[in-house]
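>>> return atomic coordinates for the entry below.
(2 chains)
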Amino acid sequence: MLRDRLVEALGRDAVKTAPEDLAVYAFDAYTDGSTPSAVVLPQSTRDVSAVVKIARDCGEPIVARGAGTGLCGGAVSIAGGIIVSFARMNRVLEFDERNRRVRVQPGLINLDLSRHAASSGLFYAPDPSSQRISTIGGNVATNAGGPHCLSYGTTVNHVLGLEVVDAEGEVFTTSIDDPGYDLTAALIGSEGTLGIVTAASLRLMALPEAVRVYVAAFDDIDSASEAVSAIVGTGILPTALEMMDAVITGAVESAFHAGYPIDAAALLLVESAGYQEDVESAEAAIRSIVREHGASSWRSARDQAEREALWAGRKGAAGAIGRIAPNYYTQDVCVPRSKLPLALRAVAAASTSNGITVGNVFHAGDGNLHPLLMYDKRDRKQVAAVVATGNEILQAAIDLGGTISGEHGIGWEKRDAMTRVYSAADLATMARVREVFDPARLLNPEKIFPSGTRCPEVTP
Amino acid sequence: MTRQTQARLMPAGVEEVSGIVGRCDRAGEKVHVVGGETLAGMGFPPERADVTLVTTSLRGIVANERADLTIAARAGTPIQSLAMLLANQRQFVPFDAPAPQYATLGGTLAAGWLGPRRHLYGRLRDYLIGSTIVLADGTIARAGGMVVKNVAGYDMSRLYVGSFGTLGVLVQANLKTVPLPASSRLFLAPLPEGTRERACARLIALGTVPAAAFWIDGFHHAVDGDEGPEGRILVLFDGSDALLERATLELRSALGRAGVPATRVIDAGAREAFERVVDAYIACLGERSVTYRIFRFPQESGSCALAVQELARRFKLRSETIIDVMNGDVLLRVSDLDAHAFGAKIETFDDALHELEPRAQVVASKHPHRGNLRVWGAPPPAIDRMRALRGRFDPNRTLNPGCFVQGV
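Coordinates of the predicted model:
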């Protein structure tokens, strides 16, 4: 019945129900998954609208999915349901070079957009580490960040408007220039629970005239994190300010030969981009601060190739972990920037006490930590130890005044942790928004909101 | 018909706001929420106001995390005192709100104020990392926190920005800050006819991006007290001294090629001169003026300004314009020497203006029949969803009833 109707609406080629096809969509980059009832590959907004209407009739939940790189189980369907894959909606619809705007379909790969814009001297700023495969639609759903959002802001700062299919299958549009409520902002980061984005208008930025990338090495992780707090506290915001510990740099060097010093306990990877005059003074100021904090070495990339190599190492860090552990789990917490040294000590304490190897690679300038916890998922004891470590890190971040997700999202994984940072009244405001857009909870159900809550329960 | 307010209350604490709002909601009384009332010319007047809740006593810094580049303040805190505190610690937030000595943090956010430096520094909404709100039933709810990146749940704080107090009363805002630019420099030049469009095109294309650039026609009293007949251009640069030197050379060369006579440079008082232009956005000529803001792309703003000036001439209205060159906004103030004559013309002018520019919004007016104008411009496509949101947050329409888009 469901399959027949979907095939009738979209064509046989766009509907997958064979177990071997469904298995591909049972997981995203989180550890748990579940097999959907069907996967559809729409080619147009009209197709998406038709799918939603059929799903409603059949009482099937719908989960929109980009590349499935999400780390919190946001793009998997929990109980049957239809996965809407945007793999075939990946075009640039309009490119307005003069006004530095672009309108794209949600399946467009993040990096492809910047490549498309480069010949016009423009780029798309949000650059999650997954940018070679993750899609604009997925980035919008999670309000994705990336190293350069330290100065350019996250996805929400770069989206000008959206075209959305709602839970009834109707299409509506939003724009940040419209009078009225900022529905664009409400939809970004809502993880597909308020509507399905079928097109996004985005702001492009001019490529900077000068870029400097440099690496500072430290003999201990405390000094590196204190240097980060000092740089920010002094009032310098570089374009990106990333940190990696020895576990990560070792893995990266053997995988990519990025040119990182491998004898250091921690590295800071810093980028200053902008006007020639400013990047020079920023580099001098940062170099002086890291020296005061005991940096053991300093290296500036001499050319574009060296800059790219330094960045390739950072962006490929998680992949490089495959060389040293069969599995890893990425925690994502954000703390006030001055609390970074304390947060890193808490990470070390939690992993040591649970006997877990941890590698730290993260957006230090934002206070956004990503400890990678390594384990073998065939070993139940290790799985339990990783869960315990992740939990302790989460609690440490909360205790330091931080949050439970800086940029990966809540999804399935962290929904029950929402009550640890928000009161029932705080969550009820979000539930009110959900009720307006999707009262039946058909769109990506069982995500974000703590398990067992329905709108009426959190409604005063 | 607007009914007169019965009571004017100035709560000093969040709990007190909660008590007042909840009590009014239960009693069926309508609450008009105001801050410093600098943007009172925006939106419709409330349909009914039994209580006016003034937030100006709800002031002060809640947390000043200097090393984190974050700050949290009560909603009634004046923008100017917040900006001065931040400047003293070499930080800033691009509020760019008119009359900052009176404007409040909460009012500026609730009105969704869009300043002229947003092309460079981003919108004020993008600095809001957390908030506390009192809902219509008196519930106190928080969103976000004091971290600069946070994707835990929906972005409620940004939804409250520009909501005009119709989703709840904003009582606290947590902001991220950025380092204060080392210096600012302002350039002033007359802008004779025939040079204007070329000058603006060159400004948009400059290698060093101006923090703000205005082409001003009129507003003599409000901006510089100079009664000269010509239009003029004001360009502000923020940045290091080295960058300002480079910007000076580039700007002079670009304007020179556009035929603009010699520019005057202001270093001391550059930011104050810039602020006077922003103040002019809401400067009213008694009851005989209305100021509109029209949002266009930068390349279209010059021709848009000429078209609306021509329209005003047809109605025998005096027109003055400020073009925010970098963002493309056209600010149009129409007035008449005689209040009676103005009143007779403004509603038909408003119709004609919206035929030409459907998205024109009123930003300043003390005209008694302001409520008859299309103050929000054409309704947004998602108006039904906005109505539903309002209904879910404030089912009794207790807060600012009728003020918002389409009377939401």
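
>>> count of neighbours near residue B:377?
21 (other Cβ atoms under 10 Å in any protein chain shown). Bear in mind the C-beta positions are built from the backbone N, C-alpha and C, glycine included.

>>> one more: residue B:102?
As a burial measure, residue B:102 scores 16 neighbours (other Cβ under 10 Å).

>>> contact partners for it?
Contacts for residue B:102 (Cβ atoms under 8 Å, 6 or more residues apart in numbering or on different chains) come out as B:36-38, B:78.

>>> interface residues of the stretch 201-350 of chain A facing chain B?
By Cβ under 8 Å from any Cβ of the partner chain, the residues of the stretch 201-350 of chain A that approach chain B are A:209, A:229, A:232-233, A:235-237, A:275, A:277-278, A:281, A:334-339.

>>> so how do I select the buried members of those in ChimeraX?
Buried residues within those, by 16 or more other Cβ atoms under 10 Å in any protein chain shown, are selected in ChimeraX with:
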select /A:229,232,233,235,236,237,275,277,278,281,334,335,336,337,338,339
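
>>> hmm, back to that, which one of the contacts of residue B:102 has the most neighbours?
In terms of neighbours by other Cβ under 10 Å, those top out with residue B:38 at 26 neighbours.

>>> what's it in contact with, if anything?
Residue B:38 neighbours (Cβ under 8 Å, 6+ apart): B:97-99, B:102-103, B:107, B:282.

>>> of these, just the buried ones, ChimeraX syntax please.
Here is the ChimeraX command that selects only those of these that count as buried (16+ other Cβ under 10 Å):
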select /B:97,98,99,102,103,107,282
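
>>> ok, which pair from the contacts of residue B:38 is furthest apart?
B:107 and B:282 (12.0 Å; Cβ to Cβ).

>>> any common contacting residues for these two?
B:38-39.

>>> read off the pLDDT value for the closest residue to residue B:308 other than its chain neighbours.
Using Cβ to Cβ, 6 or more residues apart in numbering or on different chains and skipping residues adjacent in sequence, the residue nearest residue B:308 is residue B:332, 5.1 Å away. On pLDDT, residue B:332 comes in at 98.

>>> who does the helix or strand where residue B:332 lies touch, helix- and strand-wise?
If you go by DSSP states H and E, residue B:332 is part of strand B:329-335. In terms of contacts (3 or more Cβ pairs under 8 Å, 6 or more residues apart in numbering or on different chains; DSSP states H and E), strand B:329-335 is packed against strand B:289-295, helix B:301-314, strand B:318-324, helix B:339-356.

>>> may I see those organised as CSV, with mean pLDDT and mean neighbour count added?
Converted to CSV, these look like this (pLDDT from 0 to 100; neighbours: other Cβ atoms under 10 Å in any protein chain shown):
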stretch, mean pLDDT, mean neighbour count
strand B:289-295, 98, 24
helix B:301-314, 96, 18
strand B:318-324, 96, 24
helix B:339-356, 96, 16
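
>>> could I get these as CSV with distance to residue A:64?
Shown next, in CSV, are those (distance: least, Cβ to Cβ, whole Å):
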stretch, distance to residue A:64
strand B:289-295, 31
helix B:301-314, 37
strand B:318-324, 37
helix B:339-356, 37
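
>>> need the helix or strand of the chain with the lowest average pLDDT.
Looking at chain A here, since you left the chain open. Between all helices and strands in chain A, the lowest mean by mean pLDDT, DSSP states H and E belongs to helix A:455-458, at a mean of 42.

>>> hm, I was asking about chain B
Per mean pLDDT, DSSP H and E, bottom of the list for chain B is helix B:220-223, a mean of 77.

>>> and it, what does it pack against?
Packed against helix B:220-223 by the contact rule (3+ Cβ pairs under 8 Å, 6+ apart) you find helix B:270-280.

>>> got the buried residues for the helix it packs on?
The neighbour-count check on helix B:270-280 (16+ other Cβ under 10 Å) flags B:270-271, B:273-280 as buried.

>>> interface residues of the stretch 201-350 of chain B facing chain A?
So the stretch 201-350 of chain B meets chain A at B:207-208, B:239-240, B:242-243, B:246, B:295, B:297-299 (Cβ under 8 Å from any Cβ).

>>> 7 Å instead?
B:208, B:240, B:242-243, B:246, B:295, B:297, B:299 (Cβ under 7 Å from any Cβ of the partner chain).

>>> mark which of the residues you listed are buried, thanks.
Buried among these (16+ other Cβ under 10 Å): B:208, B:240, B:242-243, B:246, B:295.

>>> show the pLDDT at the residue in the stretch 301-408 of chain B that chain A sits nearest to.
Here the stretch 301-408 of chain B gets closest to chain A at one residue, residue B:380, 3.7 Å apart by Cβ to the nearest Cβ. With respect to pLDDT, residue B:380 scores 97.

>>> ok, it touching residue A:179?
Yes - between residue B:380 and residue A:179 there is a contact under Cβ atoms under 7 Å: 5.8 Å.

>>> still on that earlier bit, list just the nearest of the buried residues of helix B:270-280 to chain A.
Closest approach to chain A among the buried residues of helix B:270-280 (Cβ to the nearest Cβ): residue B:271, at 17.8 Å.

>>> how about the spatially closest residue to that closest one that is not a sequence neighbour, secondary structure?
Closest residue in space to residue B:271, ignoring its immediate chain neighbours: residue B:184 at 5.2 Å, by Cβ to Cβ, 6+ apart. Under DSSP: H, G, I helix; E, B strand; the rest coil, the three-state class of residue B:184 is strand.

>>> wait, residue B:45 sits on residue B:373?
No - contact between residue B:45 and residue B:373 fails when scored by Cβ under 7 Å: they sit 11.1 Å apart.

>>> once you drop chain neighbours, what's closest to residue 215?
With no chain named, the answer covers chain A. Nearest to residue A:215 is residue A:299, by Cβ to Cβ, 6+ apart, at 5.0 Å.

>>> try again with chain B
residue B:323 (4.2 Å).

>>> could I get the pLDDT score of the residue lying closest to residue B:209 once chain neighbours are set aside?
Nearest residue to residue B:209, sequence neighbours excluded (Cβ to Cβ, 6+ apart): residue B:120, at 6.0 Å. On pLDDT, residue B:120 comes in at 96.

>>> gap between residue B:120 and chain A?
Distance from residue B:120 to chain A, counting by Cβ to the nearest Cβ, to the nearest Å: 11 Å.

>>> how about the secondary structure of that residue?
Once three-state DSSP is applied, residue B:120 turns out helix.

>>> where helices are concerned, which of the residues of the stretch 201-350 of chain A next to chain B count?
Secondary structure from DSSP state H places A:229, A:232-233, A:277-278, A:281 of these in helices.

>>> report the lowest-confidence entry in these.
Lowest pLDDT among these: residue A:233, with 84.

>>> now stretch B:44-53 - C-alpha only, PDB.
Below are the C-alpha coordinates for stretch B:44-53, written out as PDB (Å, rounded to 0.1, in the frame of the first residue of the first chain):
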ATOM      1  CA  PHE B  44       0.600  49.600  14.900                       C
ATOM      2  CA  PRO B  45      -0.500  51.300  18.200                       C
ATOM      3  CA  PRO B  46      -2.100  48.600  20.500                       C
ATOM      4  CA  GLU B  47      -5.800  48.000  20.000                       C
ATOM      5  CA  ARG B  48      -6.200  48.200  23.700                       C
ATOM      6  CA  ALA B  49      -3.900  48.900  26.600                       C
ATOM      7  CA  ASP B  50      -5.100  48.500  30.200                       C
ATOM      8  CA  VAL B  51      -1.600  48.400  31.600                       C
ATOM      9  CA  THR B  52       1.600  49.900  30.100                       C
ATOM     10  CA  LEU B  53       4.500  47.800  31.300                       C
END
